[in-house]
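# Have a look at this prediction, sequence included:
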Amino acid sequence: MKKNDILKQSEVFTLEIGRNSKCWCGSGKKYKQCHARFDDKYNRLLREGKIMPNRSLIKNEQQIEAIRKSARINTGVLDYVAQHIRVGMSTLDIDTLVHEYTVSHHAIPAPLNYHGFPNSCCTSVNEEVCHGIPSKDCILKEGDIVNVDVSTILDGYFSDASRMFMIGEVSDKAKKLVEVTKECLEIGIAAVKPWGHLGDIGAAIQEHAHKHGYSVVIDFAGHGIGLEFHEDPVVSHVGQKGRGMVLVPGMVFTIEPMINEGTHHVYVDKKNGWTARTKDGKLSAQWEHQILVTETGIEILSH
Ligand code: MF3
Ligand code: CO
């Protein structure tokens, strides 16, 4: 859709809706007590030429509560993995932990059969950037760094987060990459302000990564999430401050920077069609949280 079409649509929409009739968000509240002020601001920014999220990306309280429940299980899965992960375990053993915890909480692992993905989580070791496929032949050894990326569907609502795990004693350079990548995520989250811009996130992450001599992966990004696994917007981990979509209360998305020791270039394994690795074989790390933009700031939904 072109920007002008959106402008026309939303103006008509706001004019048509009576202040005492029910809000478009589905909250059941009167429009004037719900999104009326939100719409004034939204339409003003739209008229100023800003890129605004489609209304389908703005979650209501009921949807947010359902996503929270899904996200609680998702965080629980990662806590469970954290308790059990150890040297000598295969990445398929991690997958088993994820699957068992998820189904015993009456939820579904979102990656399983997603576009043909064969397992319940992604496990990406050392130079693997993301979307590593759990395998009985991949045994975690002392010094490895591994990302476990977990996504959950509960009652049709989606959550997503990932963490790095360091196996036994790891080298100082691996440890530093893992720590700086976590800082990149935290700095990216701190850059999210209601009515701020999407580009603020990438700008903050990229600045921090480059300061430490690392590169930022651009071929993979964070994403809107909630009613679907992957929704708009694409949340790039590089960007320019003040640019891109306006971040409005009710948006839910992931921030999941992949930070490389060497080149930012990656390639996807041709044999399995999924696993992304660094082109130069150097280390890569990733941390991911799922967040909600609120009227006053953000809420971390899954971590
Ligand atoms: N959490 C991952 C992401 O958002 C999941 C990728 S899809 C999968 O990129 F099938 F690989 F799991
Ligand atoms: Co994700």
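Thanks, I have it. Residues are numbered from 1 along each chain as shown. Ligands and ions are numbered 1, 2, ... in the order given.

# Quick check, residue 164 in contact with residue 144.
No - counting by Cβ atoms under 8 Å, residue 164 sits too far from residue 144 to count as a contact (10.5 Å). All C-beta spots, glycine's among them, are computed from the backbone N, C-alpha and C.

# Would you map the helices across this structure?
Along the chain, counting by DSSP state H, helices occupy 3-16, 36-47, 61-84, 91-104, 172-190, 199-211.

# and ligand 2, which of these is closest to it?
helix 61-84 (10.8 Å; Cβ to the ion).

# That closest one - contacts with which helices or strands?
helix 91-104, strand 145-154, strand 157-166, strand 289-293, strand 298-302 (3 or more Cβ pairs under 8 Å, 6 or more residues apart in numbering; DSSP states H and E).

# what do you get if the cut-off is 10 Å, keeping everything else the same?
On a contact count with 3 or more Cβ pairs under 10 Å, 6 or more residues apart in numbering; DSSP states H and E, helix 61-84 meets helix 91-104, strand 108-109, strand 121-125, strand 145-154, strand 157-166, strand 252-255, strand 289-293, strand 298-302.

# what's the closest of these to residue 181?
strand 157-166 (6.9 Å; Cβ to Cβ).

# hang on, isn't residue 286 packed against residue 124?
Yes - using Cβ atoms under 10 Å, residue 286 is in contact with residue 124, at 7.1 Å.

# what's the overlap in contacts for these two?
Counting by Cβ atoms under 10 Å, 6 or more residues apart in numbering, the common neighbours of residue 286 and residue 124 are 130, 147-149, 162, 164, 258.

# Mind pulling up the pLDDT for the residue nearest the centre of the chain?
Centroid-nearest residue in the chain: residue 254, 1.9 Å away (criterion: Cα atoms, centre = their mean). On pLDDT, residue 254 comes in at 98.

# Pull the number of nearby residues for the residue nearest to it when sequence neighbours are not counted.
Using Cβ to Cβ, 6 or more residues apart in numbering and skipping residues adjacent in sequence, the residue nearest residue 254 is residue 222, 4.1 Å away. As a burial measure, residue 222 scores 27 neighbours (other Cβ atoms under 10 Å).

# and what of the one 10 residues further on?
The number of residues packed near residue 232 is 15, by other Cβ under 10 Å.

# What is the burial count for the closest residue to it other than its chain neighbours?
The shortest distance from residue 232 to any non-neighbouring residue, by Cβ to Cβ, 6+ apart, is to residue 224 (5.1 Å). Using other Cβ under 10 Å as the criterion, residue 224 is surrounded by 24 other residues.

# Kindly report the same for residue 48.
For residue 48, using other Cβ under 10 Å, the count is 9.

# From what I see, residue 298 and residue 186 are in contact.
No - if you go by Cβ under 10 Å, residue 298 and residue 186 don't touch, sitting 11.6 Å apart.

# Could you measure from residue 75 over to residue 117?
21 Å (Cβ to Cβ, to the nearest Å).

# what about these two, which has more around it?
Shown here are residue 75 and residue 117; by other Cβ under 10 Å, residue 75 has more neighbours (21 against 18).

# ok, now which ones touch the more buried one?
Listed by Cβ under 10 Å, 6+ apart, the contact set of residue 75 reads 150, 152, 159, 161, 163, 289-290, 300-303.

# Give the residues shared as contacts by residue 298 and residue 186.
255, 289.

# quick one on the thing from earlier: okay if I get the shared contacts of residue 286 and residue 124 as CSV plus distance to ligand 2 and pLDDT?
Shown next, in CSV, are the shared contacts of residue 286 and residue 124 (distance: Cβ to the ion, whole Å; pLDDT from 0 to 100):
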residue, distance to ligand 2, pLDDT
130, 9, 98
147, 11, 99
148, 13, 99
149, 7, 98
162, 7, 98
164, 15, 98
258, 11, 98
